[in-house]
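Peer 1: I'd like to go over a predicted model; first the sequence, then the structure.
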Amino acid sequence: MDNDIYGQALLDYQNGNYTEDITTYLSLEEEDTLPLPYLFRDYKKMPLIEKHALKLCKGNVLDIGCGAGSHSFILQQKEFSITAVTAIDFSKGAIETCKLRGVKNTICTNLYDFKDQKFDTLLLLMNGIGIAGKVNQLDSFFTHLKSLLNPGGQILLDSSDIIYMYENDHEDGGYWIPDGIEYYGEVSFHMEYKGKKSETFPWLYLDYNTLQRAANYNNLNCELVFEGEYYDFLARLTLLEY
């Protein structure tokens, strides 16, 4: 668990050892706090964008990057008419937390190592598209997701357009994006918890138009189904029919 900062924090909270939150550091010189109680929220405390996504889930669901398992745990309840839900995460601590909370089907795995199973819904919440890392990785990302879809299946994912973080402070307004950046939503970040630091890894925030173009290029229809209050949105992707 030494390198699993995120998983250790989740386990601490689950086991009643909550003393501090996770601190995140973005490459945009942004420092933020990730409150652990928020990762264990129930349905009533979820933002509308997540509630909307959960209501759209159908059939056999794969919760990708499940974290503490809050979405999977809710989908197991009888109010949601799905067949089954499987929760996957690269973090061993996250998966152990899911098990302790009562999530029935869990697998500790890298997304790209997860193969040979098919689902009706692929669920990627809390900026789920971020797993792709970079815009030039979207083709391989979508290719793998399509390999996990049943005919008629859907991908539900959310993201945020972070162009606002590049707003120019001058009177003429506009945006200032530094040279050398391929796409303004490509960032890197790391986490710190109880004096330990995680590895730095790439993360992607995507605007809807870029998502739609990438999806269409990969023979996926992209539908904007919900817009949040903070530049965030929920999209539904389905295989194009010919």
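Peer 2: Done, it's in.
Peer 1: need the pLDDT of Gln154.
Peer 2: The model reports Gln154 with a pLDDT of 98.
Peer 1: what segments of the chain are strands?
Peer 2: Taking DSSP state E to define them, one finds strands in the chain at 22-26, 30-34, 59-64, 82-89, 105-108, 119-124, 149-160, 186-193, 196-197, 201-204, 220-227, 232-239.
Peer 1: what does the third one contact?
Peer 2: Here strand 59-64 makes contact (Cβ atoms under 8 Å, 6 or more residues apart in numbering) with 69, 71-72, 75, 82-88, 111, 117-124, 128, 131, 148, 150, 153. C-beta coordinates here come from the backbone N, C-alpha and C atoms, glycine included.
Peer 1: circling back to that earlier point, dump the strands of the chain to CSV, plus distance to Lys99.
Peer 2: Listed next are the strands of the chain as CSV, based on distance: least, Cβ to Cβ, whole Å:
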stretch, distance to Lys99
strand 22-26, 21
strand 30-34, 22
strand 59-64, 14
strand 82-89, 9
strand 105-108, 6
strand 119-124, 19
strand 149-160, 24
strand 186-193, 21
strand 196-197, 23
strand 201-204, 25
strand 220-227, 31
strand 232-239, 28
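Peer 1: mean pLDDT lowest for which of the ones you listed?
Peer 2: strand 30-34 (a mean of 90).
Peer 1: can you tell me how far the most centrally placed residue in the chain is from Thr106?
Peer 2: Among the residues of the chain, the one closest to the centroid is Gly128, at 2.2 Å (Cα atoms, centre = their mean). Separation of Gly128 from Thr106 (Cβ to Cβ, to the nearest Å): 17 Å.
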